[in-house]
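>>> A predicted structure for the sequence below; I have some questions about it.
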Amino acid sequence: MFGKGLITGMGITIRHFFGKKATFCYPEEKLTMTEHFRGGHLTIDYKKCIACQLCAIQCPNQAIKLKVVTDANRKRHLESYVHSMGRCLYCDLCIEGCAPHALSWDKDYEISTWHKEDLVHQVMTDEDRSYLAEVMTQAAANPTPPPVPKAAPKPAAAAPPAAKPADTEVKPRE
Amino acid sequence: MPQTETYILNMGPQHPSTHGVLRVNLELDGEKILRATPMMGYLHRGIEKLLESRTYIQGVPYTDRLDYVSSMNNNFGYCRAVEELAGIEVPARAEYIRVIMAELNRIASHQVFIGSLANDLGASTGMLYTFRDREEILDLFDLVCGARMTFHYIRVGGVARNLPPEFAEKCRKFLDRVPEFTEEYANLLMGNEIFQRRLKGVSRLTPEQALAHNMTGPNIRATGIPFDLRKVDGYSVYPQFAFEVPVGENGDNWDRFRVRFREITESARIVRQALEGLPEGPVMAKFPKMLKPPKGEVFSRTEGTRGELGFYIVSDGTAKPYRVHIRRPSFINMQALDDMCRGYLIGDSVVAFSAIDPLMGEVDC
Ligand code: SF4
Ligand code: SF4
């Protein structure tokens, strides 16, 4: 009988009309993201970071730009850490590459912006910056003597001398 | 006698039924199509070149963006090619997980196909039902890898992380629902006379034509050729599972729809068997972080959701591939559009396009 299919189809529609809703009111109700959700802003646990720059090296799209300073004790710290969300693939390679587990996502999924400039995210907070300044002055005030060099340190392998803290910026790989 | 002339109509590139951005150059005689030429390239991102400028491991997230409806299958294909090149042995558990993910993604992709075919035929409600059920698969993926679209879960050497403990139960729950929702689609769409008449006997291709166009995947199976790499090549752990390869008879749009529709059930069967046989063990092979495969080349093919997905990789011994070429099934299947449209009406061109099920991200690459 022609039209039988239509009636069966309408039956399904009617059943769902009185059934449970598959949707929910989004801005009022919000989802909680899963444990491994990749998205939102990159956050850093500044005190855990050892400034190894592996995250920036792992990144396939050079979305991470960071600057490293060396304090008077020849310990490296992050000076700035910029995550370009517009370039990010949200692939998780940076987070998996970070050995001390300093990086994580903040799982905020409402990250759309009006301008692409707003997609450049400063990962380091003011707190982190004041912490860095504190560490730098502390190190400058009481520098521990550098370990006695066994042989003359090779210029390529040695860290930059403590006298002039050198900035190293990770360059995009060729 | 008044003289009539043929005329040229451009369909797209911005057309809701082109599944992306495609322009089809139609030569028409009244409403009848004399010639249909697909014009591609509007979504070209140069993924092959991008892969050549990244290391092997960094390249995996880019393959997500090829066929973004079935990213797992793309990850799978690329990783298999790199593993073959570098001689990496993948742990058994990882192989099982990969198969589970690839088959779940096949179901999701076919749901998108059914939904968008219904939408292109004017039955927009059909789309809502399939997308509602696809959501459950995406939730499963979200659970294992933290993304719903570009998964980057299957990695070179294995998978990114082990399955969470609640996965198996949630996955079984979904599998139990498969007969329920396939029946719903059948009642909603397949029984519908309008749906049938728009598809049956339209855009027929003979097996010879399909072979001449080098079509693969559900498109060639619809013409009656049981060509499925999961059976033909038997790669990964597929030979251990019992499943059938659905084939069509007439090679028309109806068969293309039927083949995919039945594949949903078959894929669910594979997932169920894989879940049962899932061995314990590591999920990642051990290999140096800075992967430098020996000099050589490899062509590795897998059965993607849209057909034979092949990766041709040339290594020059460095950390980056020297050349990557991707054999994208959508691109090649699309070449049959002309044969499928000739002699039919404009309205059928939209359906023919939809029935090939190309994804523009993959066509333009
Ligand atoms: S990988 Fe981790 S520890 Fe190293 S620089 Fe990046 S955030 Fe810091
Ligand atoms: S998620 Fe991927 S693309 Fe984004 S910053 Fe991390 S490594 Fe780079």
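Arrived safely. Bear in mind that the values here come from a model prediction, so they are computed numbers and not experimental data. Ligands and ions are numbered 1, 2, ... in the order given.
>>> residues from chain A in reach of ligand 2?
A:58-61, A:63-64, A:83, A:88-94 (Cβ under 6 Å from any ligand atom). The way it works is simple: take the backbone N, C-alpha and C, and place the C-beta from them, glycine included.
>>> Near chain B, list only the ones from the residues you listed.
Taking Cβ under 8 Å from any Cβ of the partner chain as the test, chain B is in contact with A:58, A:59, A:60, A:89, A:90, A:91, A:92, A:93 out of the residues of chain A next to ligand 2.
>>> Give me the most central residue, chain B.
residue B:305 (2.7 Å; Cα atoms, centre = their mean).
>>> In strands, which of the residues of chain A next to ligand 2 fall?
Among these, the members found in strands (DSSP state E) are A:64, A:83.
>>> For the nearest residue to residue A:59 once chain neighbours are set aside, list the residues it contacts.
In this structure, residue A:59 finds its nearest non-sequential neighbour in residue A:94, 5.5 Å apart by Cβ to Cβ, 6 or more residues apart in numbering or on different chains. Taking Cβ atoms under 8 Å, 6 or more residues apart in numbering or on different chains, we find residue A:94 in contact with A:42, A:55, A:56, A:58, A:59, A:64, A:103.
>>> now swap in residue B:338 and tell me
With contact set as Cβ under 8 Å, 6+ apart, residue B:338 has these partners: B:35, B:36, B:37, B:38.
>>> how much distance is there from whatever helix or strand the third one lives in to the middle of the chain?
Residue B:37 belongs to strand B:32-39 when assigned by DSSP states H and E. Strand B:32-39 sits 24 Å away from the centroid of its parent chain (Cα atoms, centre = their mean, to the nearest Å).
>>> Downstream of that strand, the next helix or strand is which one?
Using DSSP H and E, the helix or strand that directly follows strand B:32-39 along the chain is helix B:47-52.
>>> I'd like to know which elements the helix or strand following that next one is packed against.
Once helix B:47-52 ends, the next helix or strand along the chain (criterion: DSSP H and E) is helix B:60-63. On a contact count with 3 or more Cβ pairs under 8 Å, 6 or more residues apart in numbering or on different chains; DSSP states H and E, helix B:60-63 meets helix B:47-52, helix B:71-86.
>>> Extract the CA atoms of helix B:60-63 and return them as CSV.
The C-alpha trace of helix B:60-63 is given here as CSV (Å, rounded to 0.1, in the frame of the first residue of the first chain):
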residue,chain,number,x,y,z
VAL,B,60,49.5,11.9,12.9
PRO,B,61,47.2,14.8,14.0
TYR,B,62,47.2,16.1,10.4
THR,B,63,45.7,12.9,9.1
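>>> any residues touching it, and which ones?
Counting by Cβ under 8 Å, 6+ apart, residues outside helix B:60-63 touching it are A:60, A:89, A:91, A:93, B:47, B:50-51, B:54, B:71, B:74-75, B:77-79, B:150, B:152, B:154-156.
>>> ok, now with 10 Å
Outside of helix B:60-63, the residues within contact range by Cβ atoms under 10 Å, 6 or more residues apart in numbering or on different chains are A:60-61, A:89-93, B:45-48, B:50-51, B:54, B:71, B:73-79, B:81-82, B:147, B:150-156, B:160, B:309, B:311, B:324, B:326.
>>> Using PyMOL, define a selection of the buried residues within those residues.
Selecting only the buried entries of those in PyMOL, with 16 or more other Cβ atoms under 10 Å in any protein chain shown as the criterion:
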select buried, (chain A and resi 60+61+89+90+91+92+93) or (chain B and resi 47+48+50+51+54+71+73+74+75+76+77+78+79+81+82+147+150+151+152+153+154+155+156+160+309+311+324+326)
